[in-house]
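# would you be able to build a 3D model of this:
(chains A and B)
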2 protein chains.
Amino acid sequence: MFYAPQLNPESQEFILNEEESKHCVRVLRKQVGDLIELLDGKGGGYVAEITAANPKKCSLRITRYIFHPPTVSVHLAVAPTKNMDRMEWLVEKATELGCTHVSFLQSKRTERSTVNLERLTKIAVAAMKQSKRTYLPRLDAPVPLADFVRSFPGGWVAHCLDQEKRFEFNTSIERRILIGPEGDFTEEEIATALSNGYKAISLGEARLRTETAALKSVMMLELLGE
Amino acid sequence: MFYAPQLNPESQEFILNEEESKHCVRVLRKQVGDLIELLDGKGGGYVAEITAANPKKCSLRITRYIFHPPTVSVHLAVAPTKNMDRMEWLVEKATELGCTHVSFLQSKRTERSTVNLERLTKIAVAAMKQSKRTYLPRLDAPVPLADFVRSFPGGWVAHCLDQEKRFEFNTSIERRILIGPEGDFTEEEIATALSNGYKAISLGEARLRTETAALKSVMMLELLGE
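All right, here's what the predicted structure looks like:
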């Protein structure tokens, strides 16, 4: 399985980048005439025949395009943890579980202001290939919570404050959820979310780590009926 | 929060072990007369007053016992992955999510035959404290699948073979699930499970990694109604 975001339904020919060419020709030992599968990360699957097994630029002729209708879209917005490993496995797991969009939030108590999107994208691509998903989640760099909820109004906000909360997700609201930092969102941040069409939700009694709460909510939103 | 499995409802006095004593007296700077909370990992919560702030053996007088009724029990039996990190985070996350029993399975394609239960227990204890859960999951060393299903008949088996499967968990069957190795269970192993009261279940279209499938099934079983 190869990832080629540049492909589109009209593509007739394609050249794998150096890394993928090497993998295809040197590692998988593919030869002229062999068929390989590619994904564009937007639901498109492609069958291609190798026309030149060049380990630096392997040429392909697209023989078939299959469109996979979009799965339900789940948008996770999470305050990145200090320990990046936890965010890396979150992105891997969220991709496996069908999350379609991951945004990072800057909130008052967020412990890190930047994330390595390039590295996270590599992890998401590997998870997409590995789990045979056809959609690569969109990954967005950290933005202030207030800006985020204005750009993406409507969704759910999980927090630990003792305020009125729903205990079950429902589909009357966007499948989008805000997960705060270890120190939780501030009352002001929660108010900002609520005033932008978000509803407070409880993920249960236990105090979950940021990445666990994020993964649990992604799974619950993905399991919701239409 | 301190973990003291030796405590029981009748306990009146207790001495923290050296590690916990050091943490209590040196790190948390607790003094005589201060109150601390302890958990026995079996649903018991204890409030105790420090009677001697000794950093090697801190003495306590139990002033209160609170029993937390058992939560729904979820039993996960998983074939350990070659990469132990993946099992370590699985145990951490499963504990946070309320899994009550984790067993490891030896199957034909299992990539490792032993797990470090001591290390996994430390991880589970930390996750229990961190998530304010009152139950420590029981962790069992690897046993052959056939022995396991005979000792624990009834439950669900997740596999990738193209056979008849349920697509929804229901509570007519034990909240217990078998998750196979990366290479999946063999047909024979699946037959052994089915003949011991297990039902085949699908966790969805995507091909999930062992630990992701395990975590997803724990969450789904935990979310099931009574």
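# mind telling me what element A:Val143 is part of?
A:Val143 is part of strand A:138-144 when elements are defined by DSSP states H and E.
# list the helices and strands the helix or strand just after that strand packs on?
Counting by DSSP H and E, the element after strand A:138-144 in chain order, helix or strand, is helix A:145-151. When contacts are defined as 3 or more Cβ pairs under 8 Å, 6 or more residues apart in numbering or on different chains; DSSP states H and E, helix A:145-151 packs onto strand A:101-106, strand A:176-179, helix A:187-194. Every C-beta, even on glycine, is put in place using the N, C-alpha and C of the backbone.
# could you tell me the angle between the last one and strand A:138-144?
Read it as helix A:187-194. Orientation of helix A:187-194 against strand A:138-144 (axes from the mean of the first three to the mean of the last three Cα atoms, to 10 degrees) gives an angle of 130 degrees.
# please report the distance of A:Glu205 from A:Phe167.
Taken as Cβ to Cβ, to the nearest Å, the spacing of A:Glu205 relative to A:Phe167 amounts to 11 Å.
# more neighbours: those two, which one.
In this view A:Glu205 and A:Phe167 are compared by other Cβ atoms under 10 Å in any protein chain shown, and A:Glu205 has more residues nearby, 12 against 8.
# any chance of the helices and strands packed on helix A:145-151 in a markdown table, with mean neighbour count, mean pLDDT and distance to chain B too?
What follows is the helices and strands packed on helix A:145-151, written out as a markdown table (neighbours: other Cβ atoms under 10 Å in any protein chain shown; pLDDT from 0 to 100; distance: least, Cβ to the nearest Cβ, whole Å):
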| stretch | mean neighbour count | mean pLDDT | distance to chain B |
| --- | --- | --- | --- |
| strand A:101-106 | 21 | 97 | 16 |
| strand A:176-179 | 27 | 97 | 14 |
| helix A:187-194 | 17 | 97 | 21 |
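# turn the ones you listed into JSON lines, including distance to A:Ser151.
Written out in JSON lines, the entries for the helices and strands packed on helix A:145-151 read as follows (distance: least, Cβ to Cβ, whole Å):
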{"stretch": "strand A:101-106", "distance to A:Ser151": "9"}
{"stretch": "strand A:176-179", "distance to A:Ser151": "11"}
{"stretch": "helix A:187-194", "distance to A:Ser151": "13"}
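# of all these, which one comes closest to A:Thr121?
When those are compared by Cβ to Cβ, strand A:101-106 sits nearest A:Thr121, at 10.4 Å.
# gap between the helix or strand that that closest one is followed by and the chain center?
Moving toward the C-terminus from strand A:101-106, the first helix or strand encountered (DSSP H and E) is helix A:117-130. Its chain's C-alpha centre lies 9 Å from the corresponding centre of helix A:117-130 when counted by Cα atoms, centre = their mean, to the nearest Å.
# can you check stretch A:185-195 too?
Centroid displacement of stretch A:185-195 relative to its chain, using Cα atoms, centre = their mean, is 24 Å.
# contacting residues around that stretch?
Stretch A:185-195 has contacts (Cβ atoms under 8 Å, 6 or more residues apart in numbering or on different chains) with A:107-109, A:145-146, A:149, A:157, A:159, A:161, A:163, A:178, A:180, A:200.
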